[in-house]
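>>> sequence and predicted structure, then a few things I'm wondering about:
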Amino acid sequence: MQSTSPNGENAPASGFSDFVQETAALTRRLFIQLQRRPSTLIAGIIQPVMWLILFGALFQNAPKGLFGESMNYGQFLAAGVIVFTAFGGALNAGLPVMFDREFGFLNRLLVAPLASRFSIVLASALFIATLSLVQTSVIIVMNAVLGAGLPDPLGLGLVILIVLTLVIGVTALSLGLAFALPGHIELIAVIFVTNLPLLFASTALAPLSFMPTWLQVVASLNPLSYAIEPIRYVYTHKDWLFSSIVMQTPFASISLGTALLILLGFSTIALLSIRPLLRRSFA
């Protein structure tokens with residue numbers, strides 16, 4: 001609750017402090033839930049590691065260079081697994097909010113004297129972003145162990161930035177669905193219907209050149225491709241630049257910097273698109 005100064009005006013500093021405290025408390029609640037039931041995090045780490053091992057073994061005898069220059073399939077797959085793991089976690093971000101809606105806890109928060117109800121959304125975003133960083137770190141280490149190597153320190157920072165940018169956008173959409181859909185059954189259905197098609201309609205498992213023309217067009221419109229290709233390029237090119245071409249789409253040649261701008265644009269649009277919905281839900 002915002003405090004007031006002696007002349008009756010709101011104290012902005014106190015309001016911001018309350019907002020930070022509320023966000024921290026709600027984020028801590030999510031981590032306590034994770035601590036009590038860590039199976040979500042464990043499964044979120046085991047699954048991508050299994051993907052790396054099994055898919056890498058499946059294509060280990062593919063001719064070297066088939067997936068680009070001197071790259072083997074393990075190196076090619078690494079970027080796809082990193083991005084798809086982060087995407088999957090962010091897509092599930094709305095489930096805790098949906099369960100809070102169904103069990104009545106969200107209603108209690110909405111009638112509480114919060115400095116800002118947007119702390120509810122921010123707490124979920126921070127929680128998912130932290131989990132994504134943990135998963136990404138484990139996958140990067142496993143990639144190195146399995147022979148995919150490591151980007152340079154600046155490249156690692158760029159990988160983290162790309163993952164967080166994607167996670168923010170997808171988390172926003174998932175939270176929007178959590179407030180728009182009637183229940184968790186519908187949200188889970190959307191997650192199932194969306195998950196695998198977006199994986200196969202991206203460059204996670206195969207390069208654009210392997211795809212038929214119609215699928216190349218679809219993959220070129222998929223935001224995941226614009227997260228995967230820069231990470232893949234950073235993994236395999238130590239001398240990367242923002243002007244380096246990372247993807248040849250049916251429409252144009254995409255540089256690393258352009259891919260980042262497209263990804264940033266996707267996340268910005270996602271955040272702006274849910275604002276009216278959140279305002280109505282929090283009203």
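Everything's here; your move. The shown structure was predicted, so the numbers you read here are calculated from the model rather than taken from an experiment. Numbering: from 1, shown residues only.

>>> in three-state terms, label V246 for me.
The three-state label given to V246 by DSSP: H, G, I helix; E, B strand; the rest coil is strand.

>>> for G257, see how far away it is.
Distance, V246 to G257, by C-beta to C-beta, to the nearest Å: 9 Å. For the C-beta atoms, the positions are set from N, CA and C on the backbone; glycine is no exception.

>>> pick out whichever of these two has more residues nearby.
Comparing V246 with G257 by other C-beta atoms under 10 Å, the one with more neighbours is V246, at 24 against 14.

>>> dump the residue contacts of that one.
Under the criterion of C-beta atoms under 8 Å, 6 or more residues apart in numbering, the contact list for V246 reads E229, P230, R232, Y233, I254, S255, L256, A259.

>>> got the CA positions of the strand or helix carrying the fourth one in PDB?
This means Y233. Assigned by DSSP states H and E, Y233 belongs to helix 223-236. The C-alpha trace of helix 223-236 is given here as PDB (Å, rounded to 0.1, in the frame of the first residue of the first chain):
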ATOM      1  CA  PRO A 223      10.000 -16.600 -34.200                       C
ATOM      2  CA  LEU A 224      11.900 -19.700 -32.900                       C
ATOM      3  CA  SER A 225      14.000 -19.700 -36.100                       C
ATOM      4  CA  TYR A 226      15.200 -16.200 -35.300                       C
ATOM      5  CA  ALA A 227      16.400 -17.400 -31.900                       C
ATOM      6  CA  ILE A 228      17.900 -20.700 -33.100                       C
ATOM      7  CA  GLU A 229      20.000 -19.400 -36.000                       C
ATOM      8  CA  PRO A 230      21.900 -16.700 -34.200                       C
ATOM      9  CA  ILE A 231      22.800 -19.100 -31.400                       C
ATOM     10  CA  ARG A 232      23.800 -21.700 -33.900                       C
ATOM     11  CA  TYR A 233      26.000 -19.200 -35.700                       C
ATOM     12  CA  VAL A 234      27.700 -18.000 -32.500                       C
ATOM     13  CA  TYR A 235      28.400 -21.600 -31.600                       C
ATOM     14  CA  THR A 236      30.200 -22.300 -34.800                       C
END
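
>>> elements contacting that helix?
Applying 3 or more C-beta pairs under 8 Å, 6 or more residues apart in numbering; DSSP states H and E, one finds that helix 223-236 contacts helix 73-91, helix 153-180, strand 245-248, helix 256-282.

>>> could you rank the contacts of V246 by neighbour count and give me the top one?
Busiest of those [other C-beta under 10 Å] is P230, holding 30 neighbours.

>>> distance of that residue relative to A180?
In terms of C-beta to C-beta, P230 sits 31 Å off from A180.

>>> I'd like the helices and strands packed on helix 223-236 as a markdown table, with distance to E186 and mean pLDDT appended.
Below are the helices and strands packed on helix 223-236 laid out as a markdown table (distance: least, C-beta to C-beta, whole Å; pLDDT from 0 to 100):
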| stretch | distance to E186 | mean pLDDT |
| --- | --- | --- |
| helix 73-91 | 14 | 87 |
| helix 153-180 | 8 | 92 |
| strand 245-248 | 34 | 91 |
| helix 256-282 | 15 | 90 |
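
>>> the contacts of V246: which two are farthest apart?
Pairwise distances across the contacts of V246 (C-beta to C-beta) peak at 13.9 Å, for the pair R232 and S255.

>>> what mean pLDDT does stretch 189-198 have?
Summarised as a single mean, pLDDT over stretch 189-198 is 90.

>>> may I have that stretch as CSV, with CA atoms only?
In CSV, the C-alpha atoms belonging to stretch 189-198 read as follows (Å, rounded to 0.1, in the frame of the first residue of the first chain):
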residue,chain,number,x,y,z
ALA,A,189,-4.7,-28.1,-25.0
VAL,A,190,-3.3,-24.9,-26.6
ILE,A,191,0.2,-25.8,-25.2
PHE,A,192,0.0,-29.3,-26.7
VAL,A,193,-1.3,-28.1,-30.1
THR,A,194,1.3,-25.4,-30.3
ASN,A,195,4.4,-27.1,-29.0
LEU,A,196,5.5,-29.7,-31.5
PRO,A,197,4.2,-27.9,-34.7
LEU,A,198,6.3,-24.9,-33.8
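
>>> off-centre distance for it?
Centroid displacement of stretch 189-198 relative to its chain, using C-alpha atoms, centre = their mean, to the nearest Å, is 15 Å.
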